[in-house]
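Enquirer: Below is the sequence, then the predicted model.
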Amino acid sequence: MNAIIAEFLLRHASDAKDLAQRAQLLAALTQLSPQRRNELAEAVDMVCRTIAAHGGKGKVRFALVQRGGHRCIEVSICDQPARASAEQSAESAGPRPAPADVEAAVIQRVGELVDHFESSGWPVAGAVIRMAQTLSPGFTSPTEAEVAEWSQLLQANTAIDALAVALRRARSLEEALDRAHRARELRAGLAARATEAEHLTMLSLVISKTKNSIAIMEPDGTIMAVNAAFVQMTLYPPGEAVGQRFDELLFGPSTDAASIRDYQRARQQGSELIQDLLLYRKDGATFWIESDLIPVRNDAGQLTRWISIGNDITKRRQTEEVLRRAKETAETNSRLKSEFLANMSHEIRTPMNAIMGMTELALGTELSDEQREYLRTVRSSSELLLGLLNDILDLSKIEADKMEMEEIDFSLPEVVAEVVKTLEVKAQQKGIRLETHLPASLPAVLRGDPTRLRQILLNLLGNAIKFTEQGEVAVAVEEQWRSDTEVSLHWTVRDTGIGIPAEQQDAIFEAFKQVDASTTRKYGGSGLGLTISSELVRMMQGRIWVESTVGQGSTFHFTVRLRWSEAPVALPASTPRALPRPADGPNEMLLAVPAPRPLRVLVADDHDANRSLATTVLAKRGHQCVQAANGYQVLAALARQPFDVVLLDVQMPGLDGYQTTAAIRQREAREGGHVPIIALTAHAMSGDREKCLMAGMDAYLAKPLRPAELVRLVESVPASTTSATPAEPASAPAAPEPGYDFQAALDSLDQDADLLVSQMSFFLNDGPALLADIHQAIQQRDAHRLQLAAHRLKGMVARYAFQQATDIAHQLEQLGRQGTVDGAEPLARQLGPLVAQLADGIRQYIRRST
Ligand code: ADP
């Protein structure tokens, strides 16, 4: 479609502008964009002016051409003829400026302005310079008539002017088009905004309909906006909430302090926080939310907002609270039950003490066969009762989580031997063989709780014998594994008894569960033994299980972990601990023969029956006993004469066993000596032993007392080193003791010695009782009772001019009068030894004067 539109001559520099205008006109006719038109015009102008500037002339052709598959308009300029003539008539044309630099710059610039630029050989004269702009693909080729018309338009000067006007119009049209374009863009923008607005409407719908409260806040926590749920939860209308600080508006006295701290910290650090919060409504009522506090940041990372989202969890919290209370109540009830059981066991043990002890004593006397049989039945029934009592106590300890394990060195073979010895008689009576398999490779001495291990073995072996009519029962142990610190033992107790049905084999480890639960069942028992054993095994990091076939027998397995002994060679011969319960045995024999070494024993217990039981038992062995009913009497007795051993009940009114021991040990620290003290305790809860030993006692014996145990322990204690000298009776009233003054008392009673003695016996009766009363009043925080008891005691001690005691009693009385018992305890403790000292002195005085 190549077509020449028009040709012109370039003669002067002034033609350049004209030619540039024509180029622009053609560009407009061929629908080039204004910018591309201008660029073409500028290129034409530049080239023409360059040629003309150094005297060149040329022919300028405007054409439509095809280039590389694209249609273009082309402006070609051939400067050769003019230039050649210019060079030939250099003089007339004037000196030619050095063109190279100028033209190089022009070539570069024109190359930038047009799509195609050829300057073959330019600036050498005769070169043809072509500049072309590519037309848009949508451009339709002009018809011949149009080409003719365009040619005319380009050549006519007037047409150029007309076209210039047309061009301006076109330009304004373009501008209008631009505006339309912009308007289109604007419309598109508006549409986008409308979509955004729709989004926002939906979001605000969600925010207004959600059940979660939402508050949007400034960085400092000031509320900027809230949603409907917020208003519903807090009862604050938006007008009242906005502008307030979230925490100041909603936190209150019951809001958890730690939660408030967390909230403040999160706000300071700008970090998200999820927490449960107790908040206050406008009407003062509280409610719980699960709060999510979210920081909002801008692109620069600066905190710009907070969003608080709250989910009302009041109902959930209330349910949790109810459950927590129920759990607490259940725990309290369980604790109360355990305490009740512990106390009951204590209460039952005291009379049991007397029943068993007296039975034992009675069996040691001359009896008819029938009587002996009755008493033996009493004894074995008491043993059963005591066993049951111990089981219930153990179970209560397990339930109260109070079961504790001892850790001492013990001999494994000894534990097994003791258990076997205990049950041997029963097995023999039933004609059952009792076998033990203890490999020699087992460590002989280990560390753990031998009493509890013995208890498990006694239970399993006892059951095995109980549920077996013929055949054998065997206990075996083997080492499972060992480490540097521990060894694990696997025990089996096998019998050839009745067996346990498969479906019952798990249940028997539960409390009170027995295979035969009928009331007419053949075998006795509480159903607690295996439950307790399971717990003990668990505490020794082991497990227990059973394999059994009905009619063939059962094998109970259990494992325990024990520590290596730190001193594996020898065991202390008399470890201060409760003696193992001996087998049902002929203790009558033991009591019938005198002890090799008669001892002086001080027996202290506030229960008459207990005192007389211990005294009778020990007297039968030839020991000399002195009785004391309370701690003061103990101290007084020890001051009077030396004893080889003191049996001391820990629970006595006034000075209890612990306080008495402390006083004895204090006195010994001053005066030397050491009298062995054996604690008698009815409280079989764990911790008693440690408490006794800590208090300075040497050994302890749990009640009910068994004569044989009592005798063994009393006779096994090392000899006393107490050098207390018995106070020699004096012929006259003692010289005034430091502290009290009997002479002053006698003076105050007009030298009536009988009256003094009767007053003194009042003191012996009432003094300790009043002191006990004081202690009880303090414990019960009964200030009035403290005042009365202290007042009476003050009067009593003042009679003997016992200033120190009088002062303390006076102070106690004052405290009571002020309605308080605070600070009374240490005073009462000081008073104890003083009262004992006075009682002591009084007794000596009475002995001397009667
Ligand atoms: P108790 O023996 O006091 O009833 P245990 O907890 O020791 O309580 O045992 C629970 C029950 O398990 C027994 O009553 C008995 O039915 C069953 N049982 C335990 N050991 C054996 C055994 N060796 N052979 C058969 N049955 C047994």
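Expert: The structure has been received and is ready for your questions. Everything numeric here is computed off the predicted structure, so don't read it as measured data. Numbers count the residues shown, from 1 in each chain.

Enquirer: which intervals of this structure have sub-threshold pLDDT?
Expert: Low-confidence segments of the chain, defined by pLDDT under 70: 1, 80-102, 123-125, 157-169, 517-522, 524, 566-593, 682-690, 718-738, 850.

Enquirer: mind checking the end-to-end distance for stretch 497-515?
Expert: Terminal residues of stretch 497-515 lie 14 Å apart, using CA to CA, to the nearest Å.

Enquirer: Can you give the distance from it to the centre of its chain?
Expert: 38 Å (CA atoms, centre = their mean, to the nearest Å).

Enquirer: cool, and stretch 700-712?
Expert: 45 Å.

Enquirer: Show me what from the chain comes close to the ligand.
Expert: 459, 463-464, 467, 495, 497-498, 500, 508, 514-516, 525-531, 554 (CB under 6 Å from any ligand atom). (Each C-beta comes from the backbone N, C-alpha and C, glycine too.)

Enquirer: Take these and keep only those in strands.
Expert: 495, 554 (DSSP state E).

Enquirer: where's Gly121 relative to Asp79, distance?
Expert: Separation of Gly121 from Asp79 (CB to CB, to the nearest Å): 11 Å.

Enquirer: what touches both of the two?
Expert: Ala127 (CB atoms under 8 Å, 6 or more residues apart in numbering).

Enquirer: Comparing those two, which residue is more hemmed in?
Expert: Legend: neighbour count by other CB atoms under 10 Å for Gly121 and Asp79, higher for Asp79 (28 against 12).

Enquirer: Quick one: residues contacting that one.
Expert: Asp79 neighbours (CB under 8 Å, 6+ apart): 10, 51, 56-58, 122, 125-127, 129.

Enquirer: Secondary structure and neighbour count added to those, as CSV?
Expert: Converted to CSV, the contacts of Asp79 look like this (DSSP: H, G, I helix; E, B strand; the rest coil; neighbours: other CB atoms under 10 Å):
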residue, secondary structure, neighbour count
Leu10, strand, 24
Ile51, helix, 31
Gly56, coil, 26
Lys57, coil, 20
Gly58, strand, 27
Trp122, coil, 20
Ala125, coil, 20
Gly126, coil, 15
Ala127, coil, 19
Ile129, strand, 28
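
Enquirer: Same list as before, those residues that is, but in TSV and with distance to Ile289 included.
Expert: TSV is the format used below for the contacts of Asp79 (distance: CB to CB, whole Å):
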residue	distance to Ile289
Leu10	89
Ile51	87
Gly56	91
Lys57	94
Gly58	90
Trp122	85
Ala125	94
Gly126	94
Ala127	88
Ile129	83
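
Enquirer: For the closest residue to the ligand within the stretch 151-300 of the chain, which non-adjacent residue is spatially closest?
Expert: As assessed by CB to the nearest ligand atom, the ligand sits closest to Asp276 within the stretch 151-300 of the chain, at 45.6 Å. Counting by CB to CB, 6 or more residues apart in numbering, Asp276 lies nearest to Glu290, which is 5.6 Å off, once chain neighbours are set aside.

Enquirer: can you check Ile216 too?
Expert: Distance criterion CB to CB, 6+ apart; nearest residue to Ile216, sequence neighbours excluded, is Ala225 at 4.5 Å.

Enquirer: Alpha carbons only: can I get the helix or strand hosting the one you found in CSV?
Expert: Taking DSSP states H and E as the criterion, Ala225 maps to strand 223-226. Extracted C-alpha coordinates of strand 223-226, given in CSV (Å, rounded to 0.1, in the frame of the first residue of the first chain):
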residue,chain,number,x,y,z
ILE,A,223,-13.3,3.6,74.2
MET,A,224,-14.1,5.0,70.7
ALA,A,225,-17.0,2.7,69.6
VAL,A,226,-18.9,-0.2,71.0
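
Enquirer: Counting neighbours, show which residues of it come out buried.
Expert: Neighbour-count burial for strand 223-226 flags 223, 226 (criterion: 16 or more other CB atoms under 10 Å).

Enquirer: and after that strand, which helix or strand comes next?
Expert: Following strand 223-226 in sequence, per DSSP H and E, is helix 228-234.

Enquirer: Report all helices and strands that that next one contacts.
Expert: Applying 3 or more CB pairs under 8 Å, 6 or more residues apart in numbering; DSSP states H and E, one finds that helix 228-234 contacts strand 213-217, helix 238-241, strand 303-312.

Enquirer: Let me have the ones you listed in a markdown table, extended by mean neighbour count.
Expert: Formatted as a markdown table, those follow (neighbours: other CB atoms under 10 Å):
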| stretch | mean neighbour count |
| --- | --- |
| strand 213-217 | 21 |
| helix 238-241 | 14 |
| strand 303-312 | 18 |
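
Enquirer: what's the closest of these to Val106?
Expert: Closest of the helices and strands packed on helix 228-234 to Val106 is strand 303-312, at 57.1 Å (criterion: CB to CB).

Enquirer: how would you label Pro219: helix, strand or coil?
Expert: At Pro219 the chain is in coil, as set by DSSP: H, G, I helix; E, B strand; the rest coil.

Enquirer: what's it sitting at in phi/psi?
Expert: Dihedral pair for Pro219: phi -60, psi -30, per degrees, to the nearest 10.

Enquirer: Count the residues that sit near it.
Expert: When neighbours are counted by other CB under 10 Å, Pro219 comes out with 14.

Enquirer: which residues touch the closest residue in space to it that isn't next to it in sequence?
Expert: With sequence-adjacent residues excluded and distances taken as CB to CB, 6+ apart, Pro219 is closest to Leu303, at 4.9 Å. By CB under 8 Å, 6+ apart, the contact list for Leu303 reads 219, 270, 295-297.

Enquirer: same deal with Thr661?
Expert: Taking CB under 8 Å, 6+ apart as the definition, contacts of Thr661 comprise 648, 677, 679, 695-697.
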